[in-house]
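Peer 1: sequence? don't have it. structure:
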């Protein structure tokens, strides 16, 4: 017969070696395993814990983080889907979910969830590294969709926080050159021009003005006839040396005769210069080339309004509103158009819509 002391010692050792059974034991051990860099053990423990308590949002988050770090993106996606269903206000959860979906090439879902993450973080608050990465991927998807200006605005904010990231810098060249593709789809013979455009854009956000100026000079000198190089340079000049921008947009039209953006930019410049007849001609050409272009419709509306044609301007503003019904800016244009026509009830309705949309999109560019 074994001594009682030895039996108690063996029993204690057996209990210490037995796997945790309760939720509290599992969750504590999972956190310990994660902090000790034992991902497989942590994933197993988190998985067992959420099976005991499926409403544990933090557990689904922990499981998703581990799977993301192990490049197991479908598993990460599934865990984060459970997490955001439990806590819809968690911006990091939406961000990580969107990043997983980007990796699995579920681009539509990724866009919606990355946008959700962005909208949950006030612009006055720092989002942190995860949300910066989410905004970068959101900009990639906006570029793929052709929303180049919104993509550039997001990338400008990311650049000012990240400062140095060669992949992000390269990707910034795509919306700058209005190329609706992902960085992985850039042809080998176009990588240099995209890289140079990306550097010019990135340096605008992170370097002294003379550095960006030198970047643009080098870009235009080396690729004077590559589509949208002149347009990109023209937008840079429009913001800093507006009297010089028109010639670059005219050069772009020689290279890309059907360019709607170049016509829109020239229209806006000529309105300021008082060249309303030329502006109207260009605006009508832009609308004819691309009736579904919000920018073209707005350029036409602004030209007609400058000429005193308030009824024509209203029609163009309404066309832009049909194309982009969630734009607060367009609603404000309509407020002013209705005011000019003394249509006060319509003006009040549009003002109410402007207030509603502005509140809903407070964090959107």
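Peer 2: Structure's in. What do you need? Because the structure is predicted, anything quoted here is derived from the model rather than measured.
Peer 1: wouldn't residue 182 be in contact with residue 140 here?
Peer 2: Yes - taking CB atoms under 8 Å as the definition, residue 182 is a contact partner of residue 140 at 5.9 Å. The way it works is simple: take the backbone N, C-alpha and C, and place the C-beta from them, glycine included.
Peer 1: between the two, who's got more neighbours?
Peer 2: For the pair residue 182 and residue 140, the greater number of neighbours falls to residue 140 (26 against 17), based on other CB atoms under 10 Å.
Peer 1: any idea how far the more buried one lies from residue 219?
Peer 2: To residue 219, residue 140 is 21 Å away according to CB to CB, to the nearest Å.
Peer 1: Likewise for residue 58?
Peer 2: Counting by CB to CB, the gap between residue 58 and residue 219 amounts to 48 Å.
Peer 1: These two: which is more packed in?
Peer 2: For residue 58 versus residue 219, neighbours defined as other CB under 10 Å are more numerous around residue 219 (26 against 16).
Peer 1: per-residue pLDDT, the more buried one?
Peer 2: Residue 219 is assigned 98 on the pLDDT scale.
Peer 1: just checking, it touches residue 230?
Peer 2: No - with contact defined as CB under 8 Å, residue 219 does not reach residue 230; the gap is 9.9 Å.
Peer 1: For stretch 278-298, what is the distance to the chain centroid?
Peer 2: Mean C-alpha position of stretch 278-298 versus that of the full chain (CA atoms, centre = their mean, to the nearest Å) differs by 26 Å.
Peer 1: Pull out the buried positions in that stretch.
Peer 2: Residues of stretch 278-298 classed as buried under the neighbour-count rule (16 or more other CB atoms under 10 Å) are 279-287, 290, 293-298.
Peer 1: same question, stretch 251-271
Peer 2: Buried residues in stretch 251-271, counted by 16+ other CB under 10 Å: 251-253, 255-256, 259-271.
Peer 1: can you pull out the helices in the stretch 1-150 of the chain?
Peer 2: For the stretch 1-150 of the chain, the helices defined by DSSP state H, counting those that start in this stretch cover 4-17, 23-35, 39-52, 57-69, 73-86, 91-103, 107-120, 129-145, 148-162.
Peer 1: Out of those, indicate the one that is most buried.
Peer 2: helix 91-103 (a mean of 25; mean count of other CB atoms under 10 Å).
Peer 1: what ranges do the helices span in the stretch 251-365 of the chain?
Peer 2: According to DSSP H, counting those that start in this stretch, the helices that the stretch 251-365 of the chain contains are 260-273, 276-289, 294-306, 310-323, 328-340, 344-360.
Peer 1: before we move on, back to that, which of the helices of the stretch 1-150 of the chain sits closest to residue 364?
Peer 2: Closest approach to residue 364 among the helices of the stretch 1-150 of the chain (CB to CB): helix 107-120, 6.3 Å.
Peer 1: Can you spell out which helices and strands pack onto that closest one?
Peer 2: Applying 3 or more CB pairs under 8 Å, 6 or more residues apart in numbering; DSSP states H and E, one finds that helix 107-120 contacts helix 91-103, helix 129-145.
Peer 1: just how off-centre is that helix within its chain?
Peer 2: The answer for helix 107-120 is 9 Å, by CA atoms, centre = their mean.
Peer 1: Need the contact partners of that helix.
Peer 2: Here helix 107-120 makes contact (CB atoms under 8 Å, 6 or more residues apart in numbering) with 84, 89-95, 97-99, 101-102, 131, 134-135, 137-138, 141-142, 144-145, 154, 361, 363-364.
Peer 1: What of stretch 136-145?
Peer 2: 98-99, 102, 107, 110-111, 114-115, 118, 148, 150-152, 154-155, 158, 162, 168, 171, 174-175, 179-183.
Peer 1: got JSON lines for the helices of the stretch 1-150 of the chain, with mean pLDDT and distance to residue 308 too?
Peer 2: Below are those laid out as JSON lines (pLDDT from 0 to 100; distance: least, CB to CB, whole Å):
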{"stretch": "helix 4-17", "mean pLDDT": "42", "distance to residue 308": "88"}
{"stretch": "helix 23-35", "mean pLDDT": "90", "distance to residue 308": "67"}
{"stretch": "helix 39-52", "mean pLDDT": "92", "distance to residue 308": "66"}
{"stretch": "helix 57-69", "mean pLDDT": "94", "distance to residue 308": "58"}
{"stretch": "helix 73-86", "mean pLDDT": "96", "distance to residue 308": "52"}
{"stretch": "helix 91-103", "mean pLDDT": "96", "distance to residue 308": "47"}
{"stretch": "helix 107-120", "mean pLDDT": "96", "distance to residue 308": "39"}
{"stretch": "helix 129-145", "mean pLDDT": "96", "distance to residue 308": "36"}
{"stretch": "helix 148-162", "mean pLDDT": "95", "distance to residue 308": "29"}
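Peer 1: Thanks a lot, catch you later.
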